[in-house]
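S.K.: starting from these lines, generate the structure:
(4 chains)
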2 protein chains.
Amino acid sequence: MARPQRRTVRDIRRGNRAVLLRALYFSGPTSRNDLTARTGLSAATVSTMTAGLLSENIVVEAGQVESDGGRPRVLLRVNPEYGFAVGVDVAETHVRVGLFDLEMTERAKVDYMLRPARHDPELIARHILAGVEVVLSDAGVSPEQVLGIGVGVPGIVEPGADGVIHAKTFGWDGVPLGALLRRGTSLPLYVDNGAKTMGQAELWFGSGRGASDAVIVLLGVGVGATIVADGTTFRGVSSSAGEWGHTKIVANGRPCRCGGRGCLEAYVGIEAILDRAGVTSRGDWEDDLAQVLASKSPVVEETVTYLGVGLANLVNLVNPEKIVIGGWVGIQLGESLLPGIRRATADNSLAEPYAATSIVLGRLGPDAVALGAATLVLEEFLNAPQVARITAAG
Amino acid sequence: MARPQRRTVRDIRRGNRAVLLRALYFSGPTSRNDLTARTGLSAATVSTMTAGLLSENIVVEAGQVESDGGRPRVLLRVNPEYGFAVGVDVAETHVRVGLFDLEMTERAKVDYMLRPARHDPELIARHILAGVEVVLSDAGVSPEQVLGIGVGVPGIVEPGADGVIHAKTFGWDGVPLGALLRRGTSLPLYVDNGAKTMGQAELWFGSGRGASDAVIVLLGVGVGATIVADGTTFRGVSSSAGEWGHTKIVANGRPCRCGGRGCLEAYVGIEAILDRAGVTSRGDWEDDLAQVLASKSPVVEETVTYLGVGLANLVNLVNPEKIVIGGWVGIQLGESLLPGIRRATADNSLAEPYAATSIVLGRLGPDAVALGAATLVLEEFLNAPQVARITAAG
DNA sequence: GTGCTTGTTTTCACCTCTGAACTAAGATGA
DNA sequence: TCATCTTAGTTCAGAGGTGAAAACAAGCAC
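M.R.: Model (predicted):
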């Protein structure tokens, strides 16, 4: 209700600059002329604004295109080397640090394995800080060129500067990872839930591209979702929105590791699938899952049904344009079972919203979490490039 | 992703005017001085802007307040008689038309009973149009003073000017109610789902007041929800978001009138409750429900549990600040069972999001749907008062 | 009446956008 | 070769908006 804040004449410029930069970023190399059409701004404004961006080296020229008998268009694009973003994926078994340029091309990366159940926050913070140094020196990038560090973690991240995390399965309850990292770097930090960073990645660069109302679900050890409403990730009041894995699909059903019963995760999480199929894992879950899928076990069919119910609830409640299934379990299931998943979803949702939704597989693979984390930095950059620069320098 | 549109210097004015008007509307009578603090605008801007609003008679003076030894403050408020809004509630058993002033005080109303299963769209359109004439003449208001007509209907309303409705339980599939009404009036029309208009009413004037992330659930014959994200009602891509009643809480459970199985509505909708309690209704559902509640039937306890599961799924997925329970069934259940409902919700949701949510009863009663429908008009007015005026005159 | 306090209006400098005129750069054809 | 046409991009004057500060208004205290 509150929301619309006052605007001063300066905000216009900032806003329009962001609009222009976004258009430039997502429309690849394009001409000023084209930008006037895309943004709705006048040619005059585009001209002065691009002149500014060019002089700041945020935007560079990228060749020409002849036009029908007239002056050729000069193509412009965002300078991919204007700055870099670090993306970090903190997962159950590893910490991965990647360095990306502004086009989100990975320039360097490094992995640190974690012993299971060895999730000391200090250790992880040290890994991250060390990782940042490693990727920077590997890629020959200096810290001043880095616009920020994005970190994707499991669990719920409190809003606020300290990046306080609650992750039951990780043994973390109130760990201020942001504050820990702050002690070792002065770069801007962005900490967010890993399912959300993955969602962001698929939304911007993967299968969700262009959708403004979408849900990106992550099926892995845990089960989560990113709900995108009107182009922005929906976070809720304490930033935990999208905890799809622990929504109930069978009142009073199977017990779940969260302590509840009948959670979706207790049916379609990897542990639940293997458990229901009677497989005692020898450590390689991917292999185990492949085996279950290859068998004609009725568990497969059931899993599809349960997943369909979970997706159908999203269809009814969120009415998205697109549902993207990601996470390694999701991809592995989807590769062979997508038609069945679609059918099960249709069977359990209302006709109108189902008809408006397309269900597709994610296409960014396992690095999506780190990429999405870096995208948090990119997002900030596109919104206010100059400000990001200043903060990074400070 | 697209979202931020270009801004011109004119948008600033419109936007700031809306900010000012909203502040004035929701802060009751207040002074210019106070408005500068509330809106963040400069005193100069507030002064010129209020001068304009005063001269247009949108805002009027409302007395003075002395200040500590200085010049007294002149209080301002929105002129409640600047214009009026019509709100219509189209329900299973009746069509209700109400006339509201800008303070949302009901000035006149009229009811038309509907024979069950007599839902001819033409008839309903005639009722609405006749109702508008009746309330206007009853209140002595001329059509030029009316800013618009809001209509709340069951089912899914397609986005678009024709107000096309799909309401299975109503026997409507693709009824262009907006277009039917357009033939009989030139006033601006706003058609929306009734659960959403009720939600809007509770959000603006009822128990949800002030919340920016909230869910307002409606329990009645049907079961629905309004999801409010960041102050605005979330609609999804085809405007059907919030179909909570047909989300599944028991995979493969009780059959539902929607054709599916295990829907929430098949457990906590009034028909389901009575059916599960073995009551064969003699027509007065409210009485029947009271009887079930008075009995010590285990159905009551079960209903609370199922409702708790449904609410918990919202808590996990949406992470709202507040959940408002409305609709006559919701109120009747909540009056005696709210603590149990809270407990059942807590049992089925994650601790962090549950802790951030308060669950309360709606307080606007059965007229909330019509009030909310009128609020659609108010919302438009607050966003762009002058434009609404012009349209209304056209 | 004079000073003090607080609320409201006016003045003025500064910003941003746009439309229109203007410049740039190539194609075309006599 | 050069005038003409076409399309791209730049410059400039003007409209409209904001905020800071000064001016004005209206009470109170002495």
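
S.K.: pLDDT below threshold where in chain A?
M.R.: Across chain A, the ranges flagged by pLDDT under 70 are A:1-6, A:117, A:385-394.

S.K.: all helices for it, in order.
M.R.: Assigned by DSSP state H, the helices in chain A fall at A:9-26, A:32-39, A:43-55, A:121-139, A:177-182, A:194-205, A:265-268, A:270-276, A:285-294, A:298-318, A:328-347, A:351-355, A:368-383, A:385-393.

S.K.: residues touching the first one, excluding its own?
M.R.: I take that to be helix A:9-26. For helix A:9-26, the external contacting residues (Cβ atoms under 8 Å, 6 or more residues apart in numbering or on different chains) are A:30, A:35, A:38-39, A:41, A:45-46, A:49-50, A:52-53, A:58-59, A:76-78, A:102, A:382-385, B:1, B:4-9, B:11-12. Quick note: C-beta positions are derived from backbone N, CA and C, even for glycine.

S.K.: number of nearby residues for residue A:9?
M.R.: Neighbourhood size, residue A:9 [other Cβ atoms under 10 Å in any protein chain shown]: 9.

S.K.: what do you get for residue A:243?
M.R.: Around residue A:243 there are 29 residues (other Cβ under 10 Å).

S.K.: how close does the closest residue to it other than its chain neighbours sit to residue B:354?
M.R.: Counting by Cβ to Cβ, 6 or more residues apart in numbering or on different chains, residue B:316 is the residue found nearest to residue A:243 once chain neighbours are left out, at 4.1 Å. Distance, residue B:316 to residue B:354, by Cβ to Cβ, to the nearest Å: 8 Å.

S.K.: so between these two, which is more surrounded?
M.R.: Neighbour count, other Cβ under 10 Å: between residue B:316 and residue B:354, residue B:316 has more, with 29 against 20.

S.K.: quick one, what contacts residue A:87?
M.R.: Going by Cβ under 8 Å, 6+ apart, residue A:87 touches A:97-100, A:149-150, A:152, A:197, A:369-375, A:377.

S.K.: what bridges to it?
M.R.: residue A:98, residue A:150 (DSSP bridges).

S.K.: residue A:337 against residue A:301, yeah?
M.R.: No - assessed by Cβ atoms under 8 Å, residue A:337 is found out of contact with residue A:301, at 9.1 Å.

S.K.: who has more neighbours out of these two?
M.R.: When residue A:337 and residue A:301 are compared for neighbours, residue A:337 comes out ahead with 18 against 13, by other Cβ under 10 Å.

S.K.: how about the more buried one: what's its closest non-neighbour residue?
M.R.: Leaving aside its sequence neighbours, residue A:337 sits nearest to residue A:304 (Cβ to Cβ, 6+ apart; 5.5 Å).

S.K.: thought residue A:271 was touching residue A:221?
M.R.: Yes - here residue A:271 reaches residue A:221: they are 7.1 Å apart, a contact under Cβ under 8 Å.

S.K.: between these two, which one's more packed in?
M.R.: Ranked by neighbour count (other Cβ under 10 Å), residue A:271 and residue A:221 place residue A:221 first, with 19 against 15.

S.K.: now that one. Its backbone dihedrals?
M.R.: Per-residue torsions, residue A:221: phi -60, psi -50 (degrees, to the nearest 10).

S.K.: next, count neighbours for residue A:179.
M.R.: So residue A:179, with other Cβ under 10 Å, has 16 neighbours.

S.K.: ah, wrong one, I meant residue A:279
M.R.: Residue A:279 has 17 nearby residues by other Cβ under 10 Å.

S.K.: distance of the residue lying closest to it once chain neighbours are set aside from DNA strand D?
M.R.: Excluding the flanking residues, the one nearest residue A:279 by Cβ to Cβ, 6+ apart is residue A:288, at 5.3 Å. Residue A:288 sits 57 Å away from DNA strand D when distances are taken as Cβ to the nearest atom of the strand, to the nearest Å.

S.K.: got a list of what residue A:288 touches?
M.R.: A:274, A:279, A:281-282.

S.K.: give the buried subset of those residues as a PyMOL selection command.
M.R.: Of the contacts of residue A:288, the buried ones go into a single PyMOL selection, burial set by 16 or more other Cβ atoms under 10 Å in any protein chain shown:
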select buried, chain A and resi 274+279
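
S.K.: nearest to residue B:348, of the contacts of residue A:288?
M.R.: residue A:274 (24.8 Å; Cβ to Cβ).

S.K.: that closest one touches residue A:291, doesn't it?
M.R.: No - taking contacts as Cβ under 8 Å, residue A:274 lies outside contact range of residue A:291: 9.3 Å.

S.K.: which positions in chain A make contact with DNA strand C?
M.R.: Residues of chain A found near DNA strand C (Cβ under 7 Å from any atom of the strand) are A:9-10, A:12-13, A:16, A:40-45, A:48-49, A:66, A:69-72.

S.K.: again, only this time at 6 Å
M.R.: Remark: the part of chain A in contact with DNA strand C comprises A:9-10, A:12-13, A:16, A:41-42, A:44-45, A:66, A:69-72, using Cβ under 6 Å from any atom of the strand.

S.K.: buried ones only from these, please, as a PyMOL command.
M.R.: Buried residues among those (16+ other Cβ under 10 Å), as a PyMOL selection:
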select buried, chain A and resi 12+16+41+45
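
S.K.: would you format the residues of chain A next to DNA strand C as a markdown table with distance to residue A:135 included?
M.R.: Putting these into a markdown table (distance: Cβ to Cβ, whole Å) gives the following:
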| residue | distance to residue A:135 |
| --- | --- |
| A:9 | 41 |
| A:10 | 36 |
| A:12 | 38 |
| A:13 | 35 |
| A:16 | 34 |
| A:41 | 37 |
| A:42 | 42 |
| A:44 | 42 |
| A:45 | 38 |
| A:66 | 41 |
| A:69 | 49 |
| A:70 | 46 |
| A:71 | 43 |
| A:72 | 40 |
